[in-house]
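# Quick one, structure for this:
(one chain, ligands or ions: 2)
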Amino acid sequence: MSSGWLYINGARQMGSGAEFVSLDPATADAVWEGNAASSSDVQRAVDAARAALPAWAALPFAEREAVTRRFAEQLSAHQEPLAKIISQETGKPLWETRTEVATMIGKIELSVRANRERTGERDTESGGVRQMLRHRPHGVVAVFGPYNFPGHLPNGHIVPALLAGNCVIFKPSELTPRVAEETVMLWEAAGIPPGVLQLLQGERATGEALAQHADLDGLFFTGSSRTGLLLQQQFAAHPGKILALEMGGNNPLVVGDIERVAPAVYDIIQSAYLSSGQRCTCARRLYVPRGHAGDALVDALLAAIGRIKVGAPDADPQPFMGPLISVRAADQMLAAQTQLIALGAEPLAAMKRLPWGAAYLTPALLDVTAIEHLPDEEYFGPLLQLVRYDTFDQALRLANRTRYGLSAALLSDSADQWAQFAATIRAGIINWNRQTTGASGAAPFGGVGQSGNHRPSAYYAADYCAYPVAMMASERSELPAQLTPGIEL
Ligand SMILES: NC(=O)c1ccc[n+]([C@@H]2O[C@H](COP(=O)([O-])OP(=O)(O)OC[C@H]3O[C@@H](n4cnc5c(N)ncnc54)[C@H](O)[C@@H]3O)[C@@H](O)[C@H]2O)c1
Ligand SMILES: O=CCC[C@H](NC(=O)CCC(=O)O)C(=O)O
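Ligands and ions are numbered 1, 2, ... in the order given. Prediction:
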């Protein structure tokens, strides 16, 4: 177990707030134990960031880029230990956390490219006037991370923010402090200057103290819509601060006209149960036509669900699904299932707790067709709701019946159905014959409705990390050939 620290002004130090612990969800062993950052720790971190900002922002881009590239080297050198730590603290199988670390490494190159392409410089001249486009960092920004990708998703804010010249205060999820600590150690080894990247561990109180700090210039958040909406309300009084919200989804997956059942079943499983259903892009609602073709698909899906391997994250051979992040999260999923059944859902495959740990659940498929008012909730776990439909138009209408709008996918052999789907569905990520999960870091990543605030991340993260400055410049002041009417000199 690691004895936890904060990282303020280039030094590791104990927090002076409340004690908290992070547990391995597979074994319930403590993984990290330490003290949260108190409001005075938050104050010291903000002061150190403010002091470090002028020098960091003034560095040539190439020098900031060099630090991020050294961080990528550190990640490569520590790929396997970091994957093991992520697996231990989240319960995700090792095969999956290895891809998470690989994605973190890939993020550096993508972010350098995105910075140049989306927030680079432009110089033109017209009639003796130079026109220049520059981008400036916002200043001191906070990054709040979720537990489900404790390495990759905060990294997706931190790397572009640092490249743009901001100083970052990182507040990871209280469920994954150990991963954050390890990541910051790699930044330290990469030579990040004191005050430029700091780590404040803690629960909600630390998050609130940081989010509400008067000297913060912005906050980049990935997490639940519930927390995101609270932050949105707090920031409403501060239009000068930048707020980027990447939030949840209640994502639909529609099955149209298909001939081959097996690839569709595979895509459904990858959509609904990947990461034990703990991805913001996971499909939560599955629309399948009534009739023989739909029945055959549901039968094949049920058979495949029954064969999904759930097991210890480090087991050999590897399972597809590990435990959920915590016993509490598993309890909440079981409660959601009970509630849906009480509303009229038919459990085709009921979610069950597995005997080898209270956070382990089997994947569920509930037929919710009979529920007239289906709750528009994100159930963040391995629970897929099946709706049988009569017409494709009806399926699209139902799919759009959500306040969220993150991801959506269509499984269909029909190009006409795809054209209709792509034109009708309201979401930031829309796929055809591909799973709803596994979005590309080389594209913008964000959603509409309560999934975000129109500041998409991934390739477009560069946009919210800097603001544009348009300049027009002449070497000296000149009188125009003709004065504006009404002026005499
Ligand atoms: N759209 C995306 O890119 C994306 C990606 C991953 C996860 N998510 C969403 O994240 C959720 C799962 O993550 P989670 O449970 O860690 O989210 P969460 O909202 O509980 O926590 C996210 C962060 O906010 C902090 N926080 C919580 N309450 C706070 C408050 N009142 N004030 C300030 N900070 C506070 C937490 O400590 C944590 O660091 C799901 O809803 C999922 O869909 C979205
Ligand atoms: O849980 C939410 C993120 C899921 C993941 N999305 C990305 O990785 C976006 C790309 C990026 O940020 O680089 C997914 O779609 O599975």
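# can you list the domain ranges for this protein.
By the assignment in the TED database, the chain contains the domains 5-247+452-472, 252-432.
# could I get the ones you listed as a markdown table with distance to residue 442 and mean pLDDT?
Every C-beta, even on glycine, is put in place using the N, C-alpha and C of the backbone. Putting these into a markdown table (distance: least, C-beta to C-beta, whole Å; pLDDT from 0 to 100) gives the following:
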| stretch | distance to residue 442 | mean pLDDT |
| --- | --- | --- |
| domain 5-247+452-472 | 6 | 98 |
| domain 252-432 | 13 | 98 |
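# For those domains, give me JSON lines that also has distance to residue 444 and mean neighbour count.
Formatted as JSON lines, the entries for the domains of the chain read as follows, by distance: least, C-beta to C-beta, whole Å; neighbours: other C-beta atoms under 10 Å:
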{"stretch": "domain 5-247+452-472", "distance to residue 444": "4", "mean neighbour count": "20"}
{"stretch": "domain 252-432", "distance to residue 444": "7", "mean neighbour count": "19"}
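# which residues does residue 430 bridge with?
Taking DSSP bridges as the rule, residue 430 bridges to residue 408.
# picking up where we left off before, for the domains of the chain, which one sits closest to ligand 1?
Evaluated over the domains of the chain, closeness to ligand 1 peaks at domain 5-247+452-472, with 2.4 Å, by C-beta to the nearest ligand atom.
# quick one: the helices in the stretch 301-450 of the chain?
If DSSP state H, counting those that start in this stretch is used as the criterion, the helices of the stretch 301-450 of the chain fall at 327-343, 392-399, 415-424.
# closest to ligand 2 out of those helices?
Comparing the helices of the stretch 301-450 of the chain against ligand 2 with C-beta to the nearest ligand atom, the closest turns out to be helix 327-343 (14.1 Å).
# Dump the C-alpha coordinates for the closest one into PDB.
Taking Å, rounded to 0.1, in the frame of the first residue of the first chain, the C-alpha atoms of helix 327-343 are listed here in PDB:
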ATOM      1  CA  VAL A 327     -19.100  -2.500  -3.600                       C
ATOM      2  CA  ARG A 328     -21.200   0.700  -3.400                       C
ATOM      3  CA  ALA A 329     -21.300   1.000  -7.200                       C
ATOM      4  CA  ALA A 330     -22.300  -2.700  -7.500                       C
ATOM      5  CA  ASP A 331     -25.000  -2.100  -4.900                       C
ATOM      6  CA  GLN A 332     -26.300   0.900  -6.900                       C
ATOM      7  CA  MET A 333     -26.500  -1.200 -10.100                       C
ATOM      8  CA  LEU A 334     -28.400  -4.000  -8.300                       C
ATOM      9  CA  ALA A 335     -30.800  -1.300  -6.900                       C
ATOM     10  CA  ALA A 336     -31.300   0.100 -10.400                       C
ATOM     11  CA  GLN A 337     -32.100  -3.400 -11.700                       C
ATOM     12  CA  THR A 338     -34.700  -3.900  -8.900                       C
ATOM     13  CA  GLN A 339     -36.300  -0.500  -9.600                       C
ATOM     14  CA  LEU A 340     -36.600  -1.300 -13.400                       C
ATOM     15  CA  ILE A 341     -38.100  -4.700 -12.600                       C
ATOM     16  CA  ALA A 342     -40.600  -3.000 -10.300                       C
ATOM     17  CA  LEU A 343     -41.500  -0.700 -13.200                       C
END
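# which helices and strands sit right next to that helix?
Counting contacts by 3 or more C-beta pairs under 8 Å, 6 or more residues apart in numbering; DSSP states H and E, helix 327-343 is packed against strand 364-367, strand 383-389.
# quick one on the thing from earlier: could I get the domains of the chain as a markdown table with distance to residue 489?
Shown next, in a markdown table, are these (distance: least, C-beta to C-beta, whole Å):
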| stretch | distance to residue 489 |
| --- | --- |
| domain 5-247+452-472 | 20 |
| domain 252-432 | 55 |
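# Quick check: residues of the stretch 351-489 of the chain near ligand 1?
By the criterion of C-beta under 6 Å from any ligand atom, the positions of the stretch 351-489 of the chain lying close to ligand 1 are 378, 380, 406.
# Save the helices of the stretch 301-450 of the chain as CSV, and put in distance to residue 366 too.
Written out in CSV, the entries for the helices of the stretch 301-450 of the chain read as follows (distance: least, C-beta to C-beta, whole Å):
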stretch, distance to residue 366
helix 327-343, 6
helix 392-399, 15
helix 415-424, 24
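# For the stretch 151-300 of the chain, which segments count as strands?
For the stretch 151-300 of the chain, the strands defined by DSSP state E, counting those that start in this stretch cover 167-171, 197-199, 218-222, 242-246, 251-255, 283-289.
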